[in-house]
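Trainee: Compute the structure for the input listed below.
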Amino acid sequence: MKVVGITILRTGGEDPVPLSMACDLSSYGFFQRQGVKEMLTFFSKTFTKRTEPGQRQSITHESYVVHCYVRSDGLSGAVITDAEYPARVAFVLLTQLLDEFTTTLGDSWKTMEASTDSTPFPAMEDYLAKYQDPASADKVTKIQNDLDETTQILHKTIDSVLERGVKLDSLVEKSDDLSRQSKMFYKQAKKTNSCCVIS
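Mentor: Numbers count the residues shown, from 1 in each chain. Okay, the predicted model is just below:
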């Protein structure tokens, strides 16, 4: 899972204007990076233009997904990720980023010049680095992963208890040392407790 790029744009005019951008192009060759950055800018502008104010949408293109969010005031953002990246986390990133952007710059974004780097808003680089791992950046995703892990442990524990129960049954049957009455007691107790078996 990877975030390839984040763009903040101003919408409302004929074409969206990129205000700040951060990209992680380390997985591309040196001579490919400029072309990839231009494509990311193009995707961000194109898909943001086709997103209604107050709406969020995810558009899949080949092995990438562009998550767009246009606020009702015209400020918008796009996050370009690989196909495995959770959409919910991408939209959390956009919401937090746009809120911090307006808190830091106020209404000056409405008159800012176009920029395709992070100079106008350096915190974008921090967001790009922080959200590379969605589980560590997003509390809900982290909790879900912890729950999944706990569920797996519980299933393993239940399976091992059931295995031990089967082995215990065969040992009781084979035991010559237990009296007949002890064997009857064991079988009766097992029948009584069978209503509580979780499967």
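Trainee: Pull the contacting residues for Leu25.
Mentor: With contacts defined as C-beta atoms under 8 Å, 6 or more residues apart in numbering, Leu25 is in contact with Val4, Gln32, Arg33, Val36, Lys37. All C-beta spots, glycine's among them, are computed from the backbone N, C-alpha and C.
Trainee: Most neighbours out of the residues you listed, which is it?
Mentor: Ranked by the number of neighbours (other C-beta atoms under 10 Å), the contacts of Leu25 place Val4 first, at 23 neighbours.
Trainee: In this protein, where is pLDDT below threshold?
Mentor: 118, 135-181, 183, 193-199 (pLDDT under 70).
Trainee: Spatially nearest residue to the residue nearest the centre of it, not counting backbone neighbours?
Mentor: Nearest to the mean C-alpha position of the chain, counting by C-alpha atoms, centre = their mean, stands Pro86 at 3.5 Å. Leaving aside its sequence neighbours, Pro86 sits nearest to Pro134 (C-beta to C-beta, 6 or more residues apart in numbering; 5.5 Å).
Trainee: and for the strand or helix carrying Leu128, what are the contacting residues?
Mentor: Assigned by DSSP states H and E, Leu128 belongs to helix 123-130. With C-beta under 8 Å, 6+ apart as the contact definition, helix 123-130 has outside contacts at 3, 5-6, 8, 20-24, 93, 96-97, 100-101, 104, 118, 136-137.
Trainee: May I have the phi/psi pair for the closest residue to Asp82 other than its chain neighbours?
Mentor: Of all residues not flanking Asp82 in the chain, Lys2 sits nearest, at 5.0 Å (C-beta to C-beta, 6+ apart). The phi and psi values for Lys2, taken as degrees, to the nearest 10, are phi -150, psi 140.
Trainee: if we can go back for a sec, and the residue nearest to Pro86, how many neighbours?
Mentor: Per other C-beta under 10 Å, the neighbour tally for Pro134 reads 24.
Trainee: just Gly77 next, same as before
Mentor: Neighbours around Gly77, by other C-beta under 10 Å: 27.
Trainee: just so I have it, where are all the strands in this protein?
Mentor: Ranges of strands in the chain, per DSSP state E, are 3-10, 17-23, 55-61, 64-70, 75-82.
Trainee: The chain: helices as residue ranges?
Mentor: With helices called from DSSP state H, the chain shows them at 33-49, 87-105, 123-130, 134-137, 139-174, 180-193.
Trainee: Quick check, the residue nearest to the centre of the chain in contact with Asp133.
Mentor: No. Here Pro86 does not reach Asp133: they are 11.4 Å apart, not a contact under C-beta atoms under 8 Å.
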